[in-house]
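1. Sequence isn't available, so here's the structure alone:
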């Protein structure tokens with residue numbers, strides 16, 4: 001039997017005796033089957049046009065586009081190239097694979113590549129004996145058994161597909177390879193076997209997620225990893241996998257996809273100890289990546305032999321406990337407000353238009369496919385509402401002539417003009433999209449006013465920065481009185497959030513002051529425990545009472561964060577801690593005491609380079625040709641790629657901050673995390689840490 005090893009990237013023997021350790025010019029795989037009987041993989045000439053010939057990831061379309069091409073071209077199109085002319089294929093995915101491919105491609109993208117049907121691996125499926133099947137899934141015991149069952153216990157007693165190509169999201173354990181090899185019913189139908197290394201969600205061009213909301217509890221729970229060692233079923237794990245090992249395996253998948261063999265830096269534990277998760281992940285990641293490189297001699301990496309057009313990148317491993325403040329401080333950029341103030345189901349928002357009688361509920365997917373969302377999401381809500389209003393008026397004005405041209409020479413009333421304009425398909429589509437965002441932004445502003453968030457945010461900003469809007473230093477006793485007056489008027493969720501901001505930003509408050517706030521906010525024991533659980537993240541809850549003389553010289557607020565001097569809005573002047581870390585990493589000033597490297601850094605690459613990383617927010621002028629304006633120029637980067645990984649969850653304000661830094665320097669920065677969090681999800685997770 002001839003077996004196509006496809007994207008095999010790990011050492012070991014493959015099914016049917018084919019080698020698993022050979023790959024030519026990743027990430028573009030060979031589309032040529034190995035010569036019969038040799039089991040060896042030979043790369044086609046076009047393999048040389050891999051990512052190595054692309055100057056920057058942004059030119060390639062970002063990490064999201066890279067994953068899209070890996071799945072559509074290197075899996076689906078490469079499989080079709082081996083099928084008989086005119087044939088069609090079936091794509092069979094487990095839940096994890098479906099989530100990954102859905103993040104980067106639509107159903108039309110898949111169907112136009114000769115895939116006639118996409119089906120779930122665990123569902124009962126009708127046989128298509130005249131078609132090729134592509135299995136795309138995680139290499140788990142259950143998934144492999146399901147594939148075997150399809151052939152050992154087929155419907156109708158015959159093999160369900162003409163032939164199969166197996167594509168796995170990560171390395172297939174040797175015992176599972178042996179299990180497939182031992183299945184005589186399956187083995188004759190296998191025509192392709194590959195490990196594609198995309199065991200992560202490419203959320204956008206400069207961000208990725210492992211989509212594991214249990215990670216925070218598994219890292220920080222008072223009971224250790226045991227309380228949450230059962231990962232969610234969507235991840236595809238059946239066995240209990242330690243959280244640090246799970247993260248390492250997925251980080252190797254990321255680096256294999258990006259062709260990065262990075263220098264590794266990590267957050268050293270402070271005096272409080274925390275969990276040691278960063279050091280544990282850093283050391284194990286180095287070992288695992290070294291094994292990967294050693295077992296894949298044809299895999300290349302940026303900065304390696306023959307690929308010196310870019311330097312080796314740097315992976316910086318940090319953790320959520322390093323900054324517990326940023327996830328709960330109110331932020332008023334569009335994306336952050338939507339996820340904070342509205343009821344979201346992942347990327348999905350549901351609403352019922354109020355301008356129509358008996359209107360049906362609508363669903364909106366807020367992702368990169370929505371160009372308005374992609375343009376506006378990192379802008380301040382004040383800009384978004386103003387731009388949407390002007391954009392809509394401009395579009396109607398500019399396109400009214402096109403609508404009327406059809407009826408040139410006719411006498412038309414204003415009502416007829418309006419009707420003619422609304423008949424244009426492009427008008428309906430564009431106005432509908434703009435109307436959706438007008439509604440969503442209006443809902444955000446409604447909650448903003450209803451909860452009096454302007455006043456609340458000013459209090460938060462004062463605590464976080466230690467300064468009032470006018471730059472004057474705030475006093476502790478005055479602030480405490482303001483806190484008592486404010487929490488008395490808030491609902492429980494906002495009161496908990498504000499008290500948490502107060503305690504974290506001030507690195508603890510007096511025990512009697514904390515008790516007074518709890519009583520004033522009328523918090524019960526469970527609600528109080530939410531705030532007390534921040535201690536498990538290394539937060540100091542209580543500071544000692546000072547003597548009289550000390551009080552005189554320590555009456556000012558502490559400043560947990562810094563003022564962002566470039567912020568245009570007083571209620572958005574707090575600067576995320578990780579933004580400072582990234583700026584220092586890029587500028588070459590990041591402390592090796594706080595952020596040591598696993599191995600000594602080579603001379604000249606201790607940082608991202610010499611280019612400064614100002615925090616100024618730059619505006620990219622848009623075109624004037626339409627209602628949706630996106631920059632078309634592609635930024636050129638120099639030096640090595642900087643990958644920042646946050647164990648335990650990253651927040652959207654940190655993603656926005658990273659993109660601001662990248663706009664002002666010539667370095668490419670990618671933010672990744674176990675998952676992305678909202679203020680509510682973060683506080684909910686903190687609340688159960690001690691359970």
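-> Received it, and whenever you're ready, just let me know what you need. Since the structure is predicted, the reported quantities are computational estimates derived from the model, not experimental observations. Numbering: from 1, shown residues only.
2. Quick check: residue 136 vs residue 506, distance?
-> According to Cβ to Cβ, to the nearest Å, residue 136 stands 50 Å off from residue 506. To be clear about C-beta, it is placed using only N, CA and C from the backbone, and glycine gets the same treatment.
3. which of the two has more neighbours?
-> Legend: neighbour count by other Cβ atoms under 10 Å for residue 136 and residue 506, higher for residue 136 (26 against 22).
4. Tell me which other helices or strands the one helix or strand the more buried one maps to touches.
-> Here residue 136, judged by DSSP states H and E, is contained in strand 128-137. For strand 128-137, the packing partners by 3 or more Cβ pairs under 8 Å, 6 or more residues apart in numbering; DSSP states H and E come out as strand 89-93, helix 95-102, strand 115-120, helix 141-152, strand 161-168.
5. so what secondary structure elements neighbour the following helix or strand past the last one?
-> Toward the C-terminus, strand 161-168 is succeeded by helix 174-181 as the next helix or strand (DSSP H and E). Counting contacts by 3+ Cβ pairs under 8 Å, 6+ apart, helix 174-181 packs against helix 141-152.
6. Tell me which residues of the helix it packs on come out buried.
-> Of the residues in helix 141-152, those buried under the neighbour-count criterion (16 or more other Cβ atoms under 10 Å) are 142-144, 146-148, 150-151.
7. ok and that helix relative to strand 89-93, angle-wise?
-> Relative orientation of helix 141-152 and strand 89-93, computed by axes from the mean of the first three to the mean of the last three Cα atoms, to 10 degrees: 150 degrees.
8. the inter-axis angle of helix 141-152 versus helix 174-181?
-> Here helix 141-152 runs at 10 degrees with respect to helix 174-181, directions being taken by the same axes, to 10 degrees.
9. Which positions in stretch 301-308 come out as buried?
-> Residues of stretch 301-308 classed as buried: 301-304, 307 (neighbour count, 16+ other Cβ under 10 Å).
10. Revised request: answer the last question for stretch 319-328.
-> Along stretch 319-328, these residues count as buried under the neighbour rule (16+ other Cβ under 10 Å): 319-328.
11. ok now it, how far from the chain's centre?
-> 17 Å (Cα atoms, centre = their mean, to the nearest Å).
12. Just the residues contacting it, thanks.
-> With Cβ atoms under 8 Å, 6 or more residues apart in numbering as the test, stretch 319-328 has contacts from 216, 219-220, 267, 274-275, 277-278, 464, 497, 500-501, 504-505, 534, 537-539, 560-561, 576-578, 646-651, 653-654, 677-679, 682-683.
13. which sections of this structure are below the confidence cut-off?
-> Across the chain, the stretches falling below the confidence threshold (pLDDT under 70) are 1-61, 224-240, 270-274, 355-357, 396, 398-426, 546-567, 604-636.
14. go with 80
-> Screening the chain residue by residue with the criterion pLDDT under 80, one finds the ranges 1-61, 222-241, 270-275, 353-359, 392-431, 545-570, 603-636.
15. Let me see the ranges of the strands in the stretch 451-600 of the chain.
-> Counting by DSSP state E, counting those that start in this stretch, one finds strands in the stretch 451-600 of the chain at the ranges 562-563, 574-575.
16. The host helix or strand of residue 449 - contacts with which helices or strands?
-> Secondary-structure element containing residue 449, defined by DSSP H and E: helix 425-450. Where contact means 3+ Cβ pairs under 8 Å, 6+ apart, helix 425-450 is packed against helix 334-341, strand 348-351, strand 362-365, helix 371-376, helix 381-405.
17. can we see that at 6 Å?
-> Judged by 3 or more Cβ pairs under 6 Å, 6 or more residues apart in numbering; DSSP states H and E, helix 425-450 is in contact with helix 334-341, helix 381-405.
18. For the buried residues of stretch 301-308, please prepare CSV with the additional fields secondary structure and distance to residue 435.
-> Formatted as CSV, the entries for the buried residues of stretch 301-308 read as follows, by DSSP: H, G, I helix; E, B strand; the rest coil; distance: Cβ to Cβ, whole Å:
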residue, secondary structure, distance to residue 435
301, coil, 47
302, coil, 44
303, coil, 48
304, coil, 51
307, coil, 48
